[in-house]
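In: From the sequence below, what's the structure:
(chains A and B)
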2 protein chains.
Amino acid sequence: MLKPSRQAYVPFVSVENMMRLVLHIGIEKMMVDLVTEIEADFKRWPLFDKTPRVASHSDIGVIELMPTSDGQTYGFKYVNGHPSNTKQGLQTVTAFGLLADVATGYPLMLSEMTILTALRTAATSAMAAKWLAPRDSKVMAMIGNGAQAEFQALAMKAVCGIEEVRLYDIDPAATAKCVRNLEGRGLNVVPCKTAEEAMQGAQIITTCTADKQYATILTDNMIGSGVHINAVGGDCPGKTELHKDILLRSDVFVEYPEQTRIEGEIQQMPADFPVTELWQVIAGQAEGRRDARQITLFDSVGFAIEDFSALRYVHSRLKDSGRYQDLDMIADPDEPRDLFGMVLRAQQSEVASPTKPASATAV
Amino acid sequence: MLKPSRQAYVPFVSVENMMRLVLHIGIEKMMVDLVTEIEADFKRWPLFDKTPRVASHSDIGVIELMPTSDGQTYGFKYVNGHPSNTKQGLQTVTAFGLLADVATGYPLMLSEMTILTALRTAATSAMAAKWLAPRDSKVMAMIGNGAQAEFQALAMKAVCGIEEVRLYDIDPAATAKCVRNLEGRGLNVVPCKTAEEAMQGAQIITTCTADKQYATILTDNMIGSGVHINAVGGDCPGKTELHKDILLRSDVFVEYPEQTRIEGEIQQMPADFPVTELWQVIAGQAEGRRDARQITLFDSVGFAIEDFSALRYVHSRLKDSGRYQDLDMIADPDEPRDLFGMVLRAQQSEVASPTKPASATAV
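Out: Numbering: from 1, shown residues only, chains lettered A, B, ... in the order given. Sure, this is the predicted structure:
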């Protein structure tokens, strides 16, 4: 078969290559870089095509497509959410994403995004804390020590200067795993027996639990003044972590109100509950933290622009790192109108070299 | 690095492997098989999740995501439409698609869909003609001899028994290409100098031109009674091929009225213009052709369920054919909550085997 031209190939970042890329750059450096990218995109927020995510729900989970575009580059993420997957040894959330050129519609890169989503979620939390948390925050409480916990801890260290992480989970095995993984990374890691204990002395409180039903991980009497709450786990309809009294005492910051009112902590509140869009704080159009006694709350649900920023960052590092494969994904006939002729020519070469292995396309 | 488990891999059908699969099965056999699959899915039409396609428009094109689900399997197609691409030697339309398991959200197969879309579009046309065209149709006029023409001709031969194809295109080079490609395939191929000449004696008239603006490829005086029109090219807002007087004399059949009223020939008509849904004809719930003098018109725009049927067909042939690669696309930690630990272990193995090539993942 004739070798396809350059434009037939789409660079693909596998799970293995993503891990190698993360380790090559360094997790903390990558968190700092991702915050830079996401901040840059949040500053030009009005420019983006903000299509709502397209969800396909079933009894036991959801599959979503999250597209966006800045007019030059298009990106989308495929992501599922299946809480019962862990019982079968599968991930609750898996994801992959694509960038494409708006001018031609041709894909630019396909990438795993399970790891990348974990990174961008933590980077977005750290970015919000950078703009909203009390000055010189040194201690974070991490309530929920699952798949996202270590990423949150290291992002807060790298971006906000957090020195101590206090861990709590209803499952002590999750906390033990987290302690093990964070060993020797320059953080003072303190496993705790209760959420209250974990919050002692913390300026930043991050909740990231996997409960599917309306849960109350934090009640109002647990929260003192002058803290920043980073609510990561309440991220779909029916899934919340905070008692609504906390929301009433807090100034709430969100990514995209239309989406957060359905999926975030504020789904518990009336439709006109006041929120501030985080991008406006970063762009200098809205106030962040006003005083030391204020409770700020980032009601994080994850937005397509963050995935876009993360994909663009990975794409920008591809050529240097070489950590990708080329996928023969785009049919590229010599003459655009002659798709059929391209298939015919494959036949001629099939006859000419019948022993050529069928799966030798990746280079 | 530890070898990922089976569930980390997603079978990928490259362009090369799709061509080999098509040639292995045979184009005509594949058309017949695809009609069987699409008919089976059209018969259970009400069961499908019929989300509208999600379009991202720019000045010069569109990128769309087309998802659907039958409750067990989820599928989506990425497809672009950029008419000016041909000037740069690029395809107007490229596509790829994915199947996933609704129960877990895990991808089942990633596939090129530029070639597969051409096949399913032709198969859908032939399916419509099978149910709507005059009995014993032997002659088809093919107006527009671009990338879709040969696929339409062979689908009509294989599925409807067409013996003669009469070709017309404003560009004689396109017709010449089509004549060349159809040589020796058991069809009587007649190049024509005008659309009128092409339609002489034809029971089936297929229009598939690439004009972007409202065009009038066929006017009312060109169409006699007792024909079936297969209008493939009018498939997005602002793009039509038939004069509206033809629509007034025809019984119009569509895939999904909500979509066709925006994208199809009937965008020229009022919102209550009567149409019949093709799936209802196939399921025995609506009448197809009533008499020999009737003009039937399939206003084809392409629908997600057809892509779903085609992807499922390819997936069903994977194990036998072996024509796929495994992509390391799903992060699969030994312990689902330990995504971070998986990345750490990659580091240990990175140190242990620093010379391992970075792009050796595909098997």
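In: from the stretch 101-250 of chain A, which residue is nearest to chain B?
Out: Of all residues in the stretch 101-250 of chain A, A:G105 sits closest to chain B, at 2.4 Å by Cβ to the nearest Cβ. Backbone N, C-alpha and C define where each C-beta goes, glycine included.
In: Please identify the buried residues of stretch A:45-61?
Out: Along stretch A:45-61, these residues count as buried under the neighbour rule (16 or more other Cβ atoms under 10 Å in any protein chain shown): A:45, A:48-51, A:53-56, A:58, A:61.
In: Could you do stretch A:136-148 as well?
Out: Within stretch A:136-148, the residues scored as buried using 16+ other Cβ under 10 Å are A:137, A:139-148.
In: The stretch 251-363 of chain A against chain B: which residues are in contact?
Out: Residues of the stretch 251-363 of chain A lying near chain B by Cβ under 8 Å from any Cβ of the partner chain: A:321-325, A:327-333, A:335-344, A:346-347, A:350, A:358-359, A:361-363.
In: Generate a PyMOL selection restricted to the buried subset of those.
Out: Command for PyMOL that selects the buried part of these, burial taken from 16+ other Cβ under 10 Å:
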select buried, chain A and resi 323+324+325+327+328+329+330+331+332+333+336+337+338+339+340+341+342+343+344+346+358+359+361+362
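In: just to revisit the earlier point, now distance to A:I27 too, for the buried residues of stretch A:45-61, in TSV please.
Out: Shown next, in TSV, are the buried residues of stretch A:45-61 (distance: Cβ to Cβ, whole Å):
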residue	distance to A:I27
A:W45	27
A:F48	27
A:D49	31
A:K50	29
A:T51	31
A:R53	27
A:V54	31
A:A55	31
A:S56	33
A:S58	34
A:G61	29
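In: quick one: contacts of stretch A:36-44?
Out: The contact list for stretch A:36-44, computed with Cβ atoms under 8 Å, 6 or more residues apart in numbering or on different chains, reads A:48, A:70, A:120, A:123-124, A:127, A:278-279, A:282-283, A:305-306, A:308-310, A:312-313.
In: If we use 6 Å, what do you get?
Out: Stretch A:36-44 is contacted from outside by A:127, A:279, A:282-283, A:305-306, A:309, A:313, using Cβ atoms under 6 Å, 6 or more residues apart in numbering or on different chains.
In: Tell me the one of the residues you listed nearest chain B?
Out: Closest approach between these and chain B, by Cβ to the nearest Cβ: A:I305, at 13.6 Å.
In: List the ones among the contacts of stretch A:36-44 that fall in helices.
Out: The helices, defined by DSSP state H, take in A:127, A:279, A:282, A:305-306, A:309, A:313 from those.
In: and chain A, what are its domains?
Out: Using automatic domain parsing, the domains assigned to chain A come out as A:6-115+A:307-346, A:129-302.
In: What's the end-to-end length of the first one?
Out: From its first residue to its last, domain A:6-115+A:307-346 covers 18 Å (Cα to Cα, to the nearest Å).
In: and A:R44, how many neighbours?
Out: Neighbours of A:R44 under the rule other Cβ atoms under 10 Å in any protein chain shown: 12.
In: Mind pulling up the pLDDT for it?
Out: In this prediction, A:R44 carries a pLDDT score of 97.
In: what do you get for A:P4?
Out: A:P4 carries a pLDDT value of 61.
In: repeat for the one 3 residues further on
Out: Here the pLDDT value assigned to A:Q7 is 75.
In: B:S316 versus the closest residue to it other than its chain neighbours, what's the distance?
Out: Take A:Q7 and drop its neighbours on the chain: the residue closest to it by Cβ to Cβ, 6 or more residues apart in numbering or on different chains is A:D332, 5.7 Å away. Distance, A:D332 to B:S316, using Cβ to Cβ, to the nearest Å: 27 Å.
In: from what I can see A:I229 touches A:Q203, true?
Out: No. A:I229 is beyond contact range of A:Q203, at 10.5 Å (criterion: Cβ atoms under 6 Å).
In: Looking at these two, which is more packed in?
Out: Neighbours were tallied for A:I229 and for A:Q203 using other Cβ under 10 Å; the higher tally belongs to A:I229 (28 against 19).
In: Could you check which helix or strand contains the more buried one?
Out: Per DSSP states H and E: A:I229 is located in strand A:228-231.
In: List the contacts of the next helix or strand along the chain from that strand.
Out: Next in sequence after strand A:228-231, counting helices and strands by DSSP H and E, comes helix A:244-249. With contact meaning Cβ under 6 Å, 6+ apart, helix A:244-249 is reached by A:220, A:223, A:268-269, A:295.
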